[in-house]
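*Asks:* here is a sequence with its predicted model. Questions after.
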Amino acid sequence: MKTHYASSSVCFTFYVVALLAYFSADALVTLAASGLLVAYVGLEFRRIPRGQVVAGVAMIGLGLGTAVLNGVGWDALLAGLRRSQVFFLMFAAVAWLRLPADRSPSLRAIQERAVSQPPGRRFAILALASHILGSVLNMAGISLMSGVVRDVTDPVLRQRLTCAVMQGFTAASCWTPFFIAMTVVLSVIPGLRWSEIAPIGFLAALLLGVLAWAVDRVFYRNRTATEESRPAAPGGPFEWRALVIPPTLFASVIFWVEWFHMSIPVALALVTPVYGALWLLVQTARHARVDAVVGELFRYVFQTLPGLRSEVFLFLSANMLGTGIATALPPETMKSFIDALNLSPELSICLVMAGILACAAAGLHPIIIFVLVGEVLPPEVLGVSPVMLGAALLAMWGLGAGASPFSATTLYMARASGTSIWKVAWIWFGPYAVLGTVLATALILVAGYMGF
């Protein structure tokens with residue numbers, strides 16, 4: 001308990017110091033935030049799963065070792081820590097939304113109405129609900145929607161509902177600023193803004209949603225019994241208040257991002273504590289005291305912060321690896337290599353997208369691939385525009401996460417459905433991931449042809 005209290009305290013201190021570092025741009029404050037990040041990982045290191053520790057230490061050792069051999073070890077260390085700060089800040093910021101999301105009766109009603117739809121439209125509505133809720137609530141959204149598969153006994157129906165939730169949720173990575181994917185892409189492609197990539201990303205998400213529905217309709221729905229059992233729809237009028245949550249939260253964050261040119265994690269860190277407290281107050285019909293609600297939310301977040309250990313360590317390790325490898329493979333070297341292979345920009349982007357899916361299916365987390373691509377294969381090396389490369393990476397984040405047996409999405413849905421991670425990732429999600437990669441690649445190439 002003492003260690004948990006210490007790591008939570010360090011995390012809260014980091015939250016404040018990281019915001020100060022962003023607004024002050026002071027080198028000492030930034031260094032202090034990096035020190036707090038290292039302290040948090042050190043306090044929670046013993047609780048990180050052994051496999052992740054081995055992989056993370058190997059990535060850090062390879063990255064820093066490469067940087068040391070190139071005479072820039074200290075610079076690579078500081079650069080990796082600075083880049084990791086925004087991810088840590090985003091993980092902590094999203095934690096403010098979990099308690100009000102779990103307690104929201106209107107969101108729970110949305111889940112119940114989605115699963116109670118007749119077979120002809122249940123898959124589409126469930127996928128759409130997962131997409132919308134996930135796009136603003138992140139993992140809290142998939143946590144809410146995963147309950148629809150827990151009590152399903154029919155194996156085909158369980159597969160269909162699991163795929164509906166996963167495919168709807170992962171498609172949101174193409175455009176939403178609330179996914180860590182967007183933060184990663186904007187950090188590895190300097191100068192790219194959310195407003196530039198959101199239109200093509202939203203179109204990609206729409207096409208992937210249609211593909212998911214078509215795959216289910218053609219290959220799986222006819223295998224399910226005609227008279228499928230489904231829970232009765234909740235009584236009473238539709239909870240229209242649930243429809244207010246996504247747009248208001250989204251608008252609150254995008255306002256700071258687009259009008260004040262803040263980074264997405266910083267905007268989230270400013271908005272989510274206030275939004276989370278207001279959300280809880282609305283749920284209590286304003287009968288509870290403000291200080292009681294804020295105190296409860298603070299205690300909940302304080303207790304959950306140590307649980308970020310695995311994600312923080314993974315992103316720290318990946319950034320160290322990418323920063324170090326970049327010292328040995330500068331863009332100029334990679335440009336000469338690409339030119340020597342005589343690869344066209346179109347073929348290059350196809351190979352990158354296919355490679356991401358293959359590596360993800362083999363168990364490699366997308367963050368590792370994305371950081372490496374951003375460091376050694378920037379847009380100018382591949383000969384594509386920043387928007388094209390960014391859109392390709394965002395589409396492959398979701399497809400790769402679903403096809404990876406070790407991603408948080410797959411682990412969560414496999415546990416909820418009582419199915420092995422390998423079956424969920426490779427058998428259930430795999431065919432859609434392959435077709436989705438082909439479709440996303442075609443969209444990216446068309447967008448490039450049109451001048452994006």
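*Replies:* On my side now, so go ahead.
*Asks:* ramachandran angles for residue 70?
*Replies:* The phi/psi pair for residue 70 (degrees, to the nearest 10) reads phi -100, psi 10.
*Asks:* for it, which residues are in contact?
*Replies:* Residue 70 sits next to 327-328 when contact means CB atoms under 8 Å, 6 or more residues apart in numbering. For every residue, glycine as well, the C-beta is placed using N, CA and C.
*Asks:* show me what the strand or helix carrying residue 61 is packed up against.
*Replies:* Per DSSP states H and E: residue 61 is located in helix 50-69. With contacts defined as 3 or more CB pairs under 8 Å, 6 or more residues apart in numbering; DSSP states H and E, the packing partners of helix 50-69 are helix 73-94, helix 309-328.
*Asks:* run the angle between the last one and helix 50-69 for me.
*Replies:* Orientation check (axes from the mean of the first three to the mean of the last three CA atoms, to 10 degrees): helix 309-328 against helix 50-69 gives 30 degrees.
*Asks:* in helix 309-328, which residues are buried?
*Replies:* Neighbour-count burial for helix 309-328, counted by 16 or more other CB atoms under 10 Å, picks out 309-327.
*Asks:* and that helix, how far out from the chain's middle?
*Replies:* From the chain centre to the centre of helix 309-328 is a distance of 17 Å (CA atoms, centre = their mean, to the nearest Å).
*Asks:* contact partners of the helix or strand that comes right after that helix?
*Replies:* Counting by DSSP H and E, the next helix or strand C-terminal to helix 309-328 is helix 331-341. For helix 331-341, the external contacting residues (CB under 8 Å, 6+ apart) are 348, 376-378, 380-383.
*Asks:* next: stretch 22-36.
*Replies:* Contacts of stretch 22-36 (CB under 8 Å, 6+ apart): 10-11, 13-14, 17-18, 20-21, 78, 81-82, 85, 263, 266.
*Asks:* cutoff 6 Å now
*Replies:* With CB atoms under 6 Å, 6 or more residues apart in numbering as the test, stretch 22-36 has contacts from 10, 13-14, 17-18, 20-21, 81, 85, 266.
*Asks:* from those, which would you call buried?
*Replies:* When the contacts of stretch 22-36 are checked for burial by 16+ other CB under 10 Å, the buried set is 10, 14, 17-18, 21, 81, 85, 266.
*Asks:* now do the helix holding residue 61, average pLDDT.
*Replies:* The pLDDT scores in helix 50-69 average 91.
*Asks:* what's in contact with it?
*Replies:* Here helix 50-69 has contacts from 73, 76, 310, 313, 317, 320-321, 324-325, 327-328, using CB under 6 Å, 6+ apart.
*Asks:* how does it look with 7 Å?
*Replies:* Contact partners of helix 50-69, identified using CB atoms under 7 Å, 6 or more residues apart in numbering, comprise 73, 76-77, 310, 313-314, 317-318, 320-325, 327-328.
*Asks:* which of the residues you listed sit farthest apart?
*Replies:* Using CB to CB, the pair of these lying farthest apart is 310 and 328, separated by 28.0 Å.
*Asks:* who's in contact with residue 310?
*Replies:* 48-49, 52.
*Asks:* could I get these as TSV with distance to residue 129?
*Replies:* What follows is these, written out as TSV (distance: CB to CB, whole Å):
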residue	distance to residue 129
48	33
49	31
52	31
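*Asks:* quickly name whichever of these is closest to residue 363.
*Replies:* residue 52 (11.6 Å).
*Asks:* counting neighbours, what do you get for the closest one?
*Replies:* 17 (other CB atoms under 10 Å).
*Asks:* distance check, it against residue 408.
*Replies:* Here residue 52 is placed at a distance of 12 Å from residue 408 (CB to CB, to the nearest Å).
*Asks:* about what we covered before: which of the helices and strands packed on helix 50-69 has the lowest mean pLDDT?
*Replies:* Across the helices and strands packed on helix 50-69, helix 309-328 gives the lowest mean pLDDT, at a mean of 88.
*Asks:* picking that back up, how about the helix holding residue 61: buried residues?
*Replies:* Those buried within helix 50-69 under the rule 16+ other CB under 10 Å are 52-53, 55-56, 59-60, 63-64, 66-67.
*Asks:* again with stretch 195-215
*Replies:* Residues of stretch 195-215 classed as buried by neighbour count (16+ other CB under 10 Å): 196-198, 200-202, 204-205, 207-209, 211-213, 215.
*Asks:* now stretch 180-191
*Replies:* So for stretch 180-191, counting by 16+ other CB under 10 Å, buried means 180-189.
*Asks:* in helices only, show me these.
*Replies:* Secondary structure from DSSP state H places 180-188 of the buried residues of stretch 180-191 in helices.
*Asks:* ok, which pair from the buried residues of stretch 180-191 is furthest apart?
*Replies:* Every pair of the buried residues of stretch 180-191 checked by CB to CB; the farthest is 180 and 189, at 15.0 Å.
*Asks:* name the helix or strand for residue 296, please.
*Replies:* Per DSSP H and E: helix 290-304 holds residue 296.
*Asks:* now that helix against helix 73-94, angle please.
*Replies:* Using the same axes, to 10 degrees, one finds that helix 290-304 and helix 73-94 are set 140 degrees apart in direction.
*Asks:* ok, and what's touching helix 290-304?
*Replies:* So helix 290-304 is contacted by 8, 12, 95-96, 98-99, 276-277, 280-281, 284 (CB under 7 Å, 6+ apart).
*Asks:* hmm, 6 Å instead?
*Replies:* Contacts for helix 290-304 (CB under 6 Å, 6+ apart): 8, 95-96, 99, 276-277, 280-281.
*Asks:* quick one on the thing from earlier: please render the ones in helices among the buried residues of stretch 180-191 as TSV that adds distance to residue 395 and pLDDT to the earlier fields.
*Replies:* Formatted as TSV, those follow (distance: CB to CB, whole Å; pLDDT from 0 to 100):
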residue	distance to residue 395	pLDDT
180	15	89
181	9	91
182	12	93
183	16	91
184	13	90
185	10	93
186	15	92
187	18	89
188	15	87
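*Asks:* closest to residue 161 among those residues?
*Replies:* Nearest to residue 161 among these, counting by CB to CB, is residue 181 at 24.1 Å.
*Asks:* contacting residues for the closest one?
*Replies:* By CB under 6 Å, 6+ apart, the contact list for residue 181 reads 173, 394, 397.
*Asks:* how much space between the nearest residue to the first one once chain neighbours are set aside and residue 249?
*Replies:* Yep, that's residue 173 we're talking about. Among residues not flanking residue 173 along the chain, residue 398 sits closest, at 3.5 Å (CB to CB, 6 or more residues apart in numbering). Residue 398 is 20 Å from residue 249, where distance means CB to CB.
*Asks:* for residue 436, what are its contacts?
*Replies:* 208, 211, 399.
*Asks:* which residues in the stretch 301-450 of the chain form helices?
*Replies:* 309-328, 331-341, 345-361, 366-376, 379-382, 386-403, 408-417, 421-422, 430-449 (DSSP state H, counting those that start in this stretch).
*Asks:* so of these, which one's packed in deepest?
*Replies:* Most buried of the helices of the stretch 301-450 of the chain, by mean neighbour count (mean count of other CB atoms under 10 Å): helix 386-403, with a mean of 28.
*Asks:* any weak-confidence spans in this protein?
*Replies:* Along the chain, the parts satisfying pLDDT under 70 run over 1-3, 120, 222-243, 285-288, 452.
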